[in-house]
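> Sequence plus the predicted model coming up.
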Amino acid sequence: QVQLVESGGGLVQAGGSLRLSCAASGRTFSSYAMGWFRQAPGKEREFVAAISWSGGSTYYADSVKGRFTISRDNAKNTVYLQMNSLKPEDTAVYYCAADRRIATMLNLGGSWGQGTQVTVSS
């Protein structure tokens, strides 16, 4: 397993941008697929974006496609989520996840961080 720590959340106005970071411990980071999920109050945790171990494949929820970009820097053991054109409905706690298989993360398995709050005001 890897240890994950998210950062970069905050309060932003609608239309603004934020960049989330997730720092991972361990020497096998480059062998893990990484993902971002979010959970709004009273709602279930939902998939946002995922990236393969190499960074060569990325996947997005329809609700964020074209606005969010996931990327990774294996030399820094870090995955990022660039969020542009933010909307109030993007308000949630954002979690970073890691596993060798994206399917495992989609089933809410694997390793998880503690989350970072993103609040978008209208």
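In hand now; what should we look at? Numbers count the residues shown, from 1 in each chain.

> And stretch 55-67, what's buried?
Across stretch 55-67, burial judged by 16 or more other C-beta atoms under 10 Å covers Y59, Y60, V64. No exception for glycine: its C-beta is placed from N, CA and C like everyone else's.

> From the residues you listed, pick the one nearest L106.
The closest of the buried residues of stretch 55-67 to L106 turns out to be Y59 (C-beta to C-beta; 9.4 Å).

> re earlier: now the buried residues of stretch 55-67 as TSV including distance to T119?
Converted to TSV, those look like this (distance: C-beta to C-beta, whole Å):
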residue	distance to T119
Y59	25
Y60	21
V64	16
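
> Which one of these is nearest to S17?
For the buried residues of stretch 55-67, the minimum distance to S17 (C-beta to C-beta) is 12.8 Å, reached by V64.

> beta partners for T116?
Beta-bridge pairing for T116 (DSSP bridges): Y94.

> rewinding a little: turn the buried residues of stretch 55-67 into CSV, columns for distance to T116 and pLDDT.
CSV is the format used below for these (distance: C-beta to C-beta, whole Å; pLDDT from 0 to 100):
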residue, distance to T116, pLDDT
Y59, 21, 97
Y60, 19, 98
V64, 16, 98
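
> These in strands, which ones?
By the criterion of DSSP state E, membership of the buried residues of stretch 55-67 in strands covers Y59, Y60.

> Burial check on the nearest residue to L108 once chain neighbours are set aside, number of neighbours?
Among residues not flanking L108 along the chain, R45 sits closest, at 6.4 Å (C-beta to C-beta, 6 or more residues apart in numbering). Neighbour count of R45, defined by other C-beta atoms under 10 Å: 16.
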